[in-house]
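1. Here is a sequence with its predicted model. Questions after.
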Amino acid sequence: MKRFIRPTTLVLVAALLAGCASIIHGSQQSVRVMSSPSGAVVRVNLNSMATTTPGVLSLNRKEVGYVLTFEKQGYKPVEVSLRRTVDGWLFGNILFGGIVGIVIDFASGSAYKLTPDEVTMALDRMGASLKDTKGDLLFVVDLERLPEKTRQKIARNGLAA
């Protein structure tokens with residue numbers, strides 16, 4: 001006589017072997033990146049991943065310390081840090097996954113979420129320009145972007161207006 005496993009038994013075993021957060025959203029998270037103006041390159045510090053805005057980055061929830069750098073020629077680069085917090089779906093393990101589910105969620109990174117999950121950045125133009133006025137050359141520099149030693153030297157020599 002053949003024995004068959006009941007569907008309810010399969011569901012119960014699957015719930016016990018998998019974490020709730022793992023089932024709901026997995027170990028990867030999509031983070032939307034946008035900029036004004038669009039067309040900025042967004043680089044991720046923890047890996048070689050990059051995209052152009054508007055775009056989407058698929059990041060591992062397990063990693064800590066993500067910093068996204070927005071870069072576009074003629075604009076100041078901007079960095080944004082993502083926070084990693086415990087995701088509310090982890091607590092679904094109290095009902096379904098138990099201790100095994102909690103362990104699975106933390107081991108896979110599914111226990112976490114990255115915030116914000118959508119980053120919109122307004123980029124500022126660089127503060128340097130060249131202008132030729134009747135044979136005279138005017139060079140304007142954003143002093144904040146210069147190294148401290150250079151700024152001090154300019155201040156000592158009275159070169160800054």
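-> Arrived safely.
2. In this structure Gly74 contacts Gly39, no?
-> No: using Cβ atoms under 8 Å, Gly74 is not in contact with Gly39, being 10.8 Å away. All C-beta atoms are positioned from the backbone trio N, CA, C, and that covers glycine.
3. Looking at these two, which has the bigger crowd around it?
-> Comparing Gly74 with Gly39 by other Cβ atoms under 10 Å, the one with more neighbours is Gly39, at 12 against 9.
4. Could you tell me whether that one really is in a helix?
-> No: with DSSP: H, G, I helix; E, B strand; the rest coil as the criterion, Gly39 is coil rather than part of a helix.
5. tell me the contacts of it?
-> Gly39 is in contact with 52-53, 72, counting by Cβ atoms under 8 Å, 6 or more residues apart in numbering.
6. going on from the helix-or-strand element of the chain with minimal mean pLDDT, what's the next piece of helix or strand?
-> Across the helices and strands of the chain, mean pLDDT, DSSP states H and E gives its lowest value to helix 20-24, namely a mean of 49. Moving toward the C-terminus from helix 20-24, the next helix or strand (DSSP states H and E) is strand 28-36.
7. With just CA atoms, put that following strand into CSV.
-> C-alpha atoms of strand 28-36 as CSV (Å, rounded to 0.1, in the frame of the first residue of the first chain):
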residue,chain,number,x,y,z
GLN,A,28,17.8,41.0,-2.4
GLN,A,29,16.2,44.4,-2.4
SER,A,30,15.6,46.8,-5.3
VAL,A,31,16.5,50.4,-4.6
ARG,A,32,15.3,52.9,-7.2
VAL,A,33,17.7,55.8,-8.0
MET,A,34,16.8,59.0,-9.7
SER,A,35,18.5,62.4,-10.2
SER,A,36,17.8,65.8,-11.5
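8. buried set for it?
-> 29, 31, 33-35 (16 or more other Cβ atoms under 10 Å).
9. try stretch 68-82
-> Using 16+ other Cβ under 10 Å as the test for burial, stretch 68-82 gives 68, 70-72, 75, 78, 80, 82.
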